[in-house]
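Student: Attaching a predicted model along with its sequence, questions to come.
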Amino acid sequence: MLNMAHTPENKLEQTSRLQLLESVLAAVSVGAIVVDGSRRIVLWNKWMSRHSGCADDKALGVALFDLLPELRGGRLEAAVTQALTNHFSSLLSPTLNRSPFPLFSNPAAAARGERMQQAVAVTPLTIGDDGQYCLIQLSDVSMAASREKLLREQTELLRMQTFSDGLTGVANRRAFDVAIDREVRRAKRNGGMVSLLMIDIDHFKPYNDHYGHQQGDQCLIQVSAALQALLQRSVDMLARYGGEEFAVILPDNDPQQALRIAQVLHQRVLDQHIRHDYTGSALPQITVSIGIATLRPGQINDAAGLIGAADHALYDAKRQGRNRIVVA
Ligand code: GH3
Ligand code: MG
Ligand code: MG
């Protein structure tokens, strides 16, 4: 068998097999680097030359971490050491280490200094009896990464749309339900309180009927923007509760603080001077009625009770003539 391998025919065969392997290495669209036991580069394929801007004649024979000192002390060096000494393979997670090598997908990206995002696999190779080598394979995952980023952004947009009102852009009823539940549980856990305002536009049906639905929509946008502009704490939440009804959640606010905020919001809507000539005998402009309730230890103690009490106070404000505030 050994003798056969040395016949001229077999030699030729071996040479062409080597050439075949070399062509494959040059053609594949992954980077291949092989380093020996002293971490000197013994193989650096075409893909590496193309994407690193460093030709193989510059790389071969040079210690990898001399050629690329930025890789020293990092996860790649640890992986190479593991492969050479313990014969362990490893994959460098692209999420932890997006672009360890200074590689660029194309010349334009190189000009912008925008590195390729890489998947890196490190594999031990034993050649002959005790020749320890290490193969580093690199692939370009920039496309996959940018697709993933797009997907993440779209998911976030969908999430936002799921929780915000399409007309006014403020939180919608679904977001309100989640928030009121969270704030009530938080208040009960801490023995604190949370106030709720229910705000309803007065005589909105005749406004719609006389000025048209589109102008009605504009009015809703203007009122919600005016209310939103006044809420300063990030924990306060304005939501569109339904049609022309809004809710404001005020964590940690007692009834006096809630009343003060309600007064400011009420006045702010008046200051908009949105003309409304069909309010009957009332002021010829858009006004709101507000009901306030507060969840406190020993009193109202769940979200449904809080909403019911604020609603009831709002109903009282309407009954007493609208354009006013009632505290439950
Ligand atoms: P009150 O002073 O008692 O609150 O009377 P109101 O007319 O405001 O109340 P009502 O509940 O009778 O009418 C609410 C109206 O709000 C009915 C509907 O035409 C209008 N509305 C609800 N949602 C929208 C919306 O998204 N856009 C527009 N343009 N109008 C809406
Ligand atoms: Mg109304
Ligand atoms: Mg209403």
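Tutor: That came in fine, so what should we check first? Ligands and ions are numbered 1, 2, ... in the order given.

Student: The nearest residue to D140 once chain neighbours are set aside: what's it in contact with?
Tutor: Leaving aside its sequence neighbours, D140 sits nearest to M116 (C-beta to C-beta, 6 or more residues apart in numbering; 5.0 Å). (C-beta placed from N, C-alpha, C; glycine too.) For M116, the contact set (C-beta atoms under 8 Å, 6 or more residues apart in numbering) comprises H51, S99, L103, F104, S105, A109, D140, S142.

Student: And the last one, how close does it get to G308?
Tutor: Yep, that's S142 we're talking about. Here S142 is placed at a distance of 55 Å from G308 (C-beta to C-beta, to the nearest Å).

Student: L25 - how many residues pack around it?
Tutor: Other residues near L25 come to 15 when the count uses other C-beta atoms under 10 Å.

Student: I'd say it and V34 touch.
Tutor: No - using C-beta atoms under 8 Å, L25 is not in contact with V34, being 10.0 Å away.

Student: Return a ChimeraX selection command for the buried portion of the contacts of M116.
Tutor: To isolate the buried subset of the contacts of M116 in ChimeraX, counting by 16 or more other C-beta atoms under 10 Å, use the following:
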select :51,99,103,104,140,142
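
Student: Q285 is in contact with H276, isn't it?
Tutor: Yes - if you go by C-beta under 8 Å, Q285 and H276 touch, sitting 5.3 Å apart.

Student: What's the mean pLDDT across stretch 134-146?
Tutor: Stretch 134-146 shows a mean pLDDT of 92.

Student: Now do it: everything it contacts.
Tutor: Defining contact as C-beta under 8 Å, 6+ apart, one finds that stretch 134-146 is touched by 29-35, 47-48, 51, 76, 80, 83-84, 94, 98, 101, 103, 105, 116-125.

Student: Can I get that stretch in CSV, CA atoms only?
Tutor: Taking C-alpha atoms only, stretch 134-146 is exported to CSV below (Å, rounded to 0.1, in the frame of the first residue of the first chain):
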residue,chain,number,x,y,z
CYS,A,134,-6.0,25.1,15.2
LEU,A,135,-8.5,26.0,12.5
ILE,A,136,-10.4,29.3,12.8
GLN,A,137,-13.5,29.6,10.5
LEU,A,138,-15.2,32.9,10.0
SER,A,139,-18.4,33.8,8.2
ASP,A,140,-20.2,37.0,7.4
VAL,A,141,-23.4,37.2,9.3
SER,A,142,-24.0,41.0,8.6
MET,A,143,-27.1,40.2,6.5
ALA,A,144,-28.6,38.0,9.1
ALA,A,145,-27.8,40.5,11.8
SER,A,146,-29.4,43.4,9.9
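
Student: Enumerate the positions of that stretch that are buried.
Tutor: C134, L135, I136, Q137, L138, S139, D140, V141, S142, A145.

Student: So K46 sits against S29, correct?
Tutor: No - counting by C-beta under 8 Å, S29 is not a contact partner of K46; they are 9.9 Å apart.

Student: out of these two, which sits in the busier spot?
Tutor: Neighbours per residue (other C-beta under 10 Å) separate K46 from S29, with K46 holding more: 18 against 10.

Student: which residue packs closest to that one, ignoring adjacent ones?
Tutor: Looking at K46 with C-beta to C-beta, 6+ apart, the closest residue is A26, at 4.2 Å.

Student: And the next helix or strand past the helix ranked longest in the chain?
Tutor: In the chain, assigned by DSSP state H, the helix with the most residues is helix 142-163. The helix or strand immediately downstream of helix 142-163 is helix 173-190, counting by DSSP states H and E.

Student: neighbouring contacts of that following helix?
Tutor: Contacts for helix 173-190 (C-beta under 8 Å, 6+ apart): 162-164, 171, 192-194, 196, 237, 239-242, 247, 249, 251-252, 295, 297, 301-303, 306-307.

Student: so of those residues, which ones are in strands?
Tutor: Counted as lying in strands by DSSP state E, out of the contacts of helix 173-190, are V194, L196, M237, A239, R240, Y241, G242, A247, I249, P251, L295.

Student: Take the residues you listed and write them to JSON lines, including neighbour count and pLDDT.
Tutor: Output for those, formatted as JSON lines (neighbours: other C-beta atoms under 10 Å; pLDDT from 0 to 100):
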{"residue": "V194", "neighbour count": "27", "pLDDT": "97"}
{"residue": "L196", "neighbour count": "28", "pLDDT": "98"}
{"residue": "M237", "neighbour count": "22", "pLDDT": "97"}
{"residue": "A239", "neighbour count": "25", "pLDDT": "98"}
{"residue": "R240", "neighbour count": "23", "pLDDT": "98"}
{"residue": "Y241", "neighbour count": "22", "pLDDT": "97"}
{"residue": "G242", "neighbour count": "12", "pLDDT": "95"}
{"residue": "A247", "neighbour count": "26", "pLDDT": "98"}
{"residue": "I249", "neighbour count": "23", "pLDDT": "98"}
{"residue": "P251", "neighbour count": "19", "pLDDT": "97"}
{"residue": "L295", "neighbour count": "23", "pLDDT": "96"}
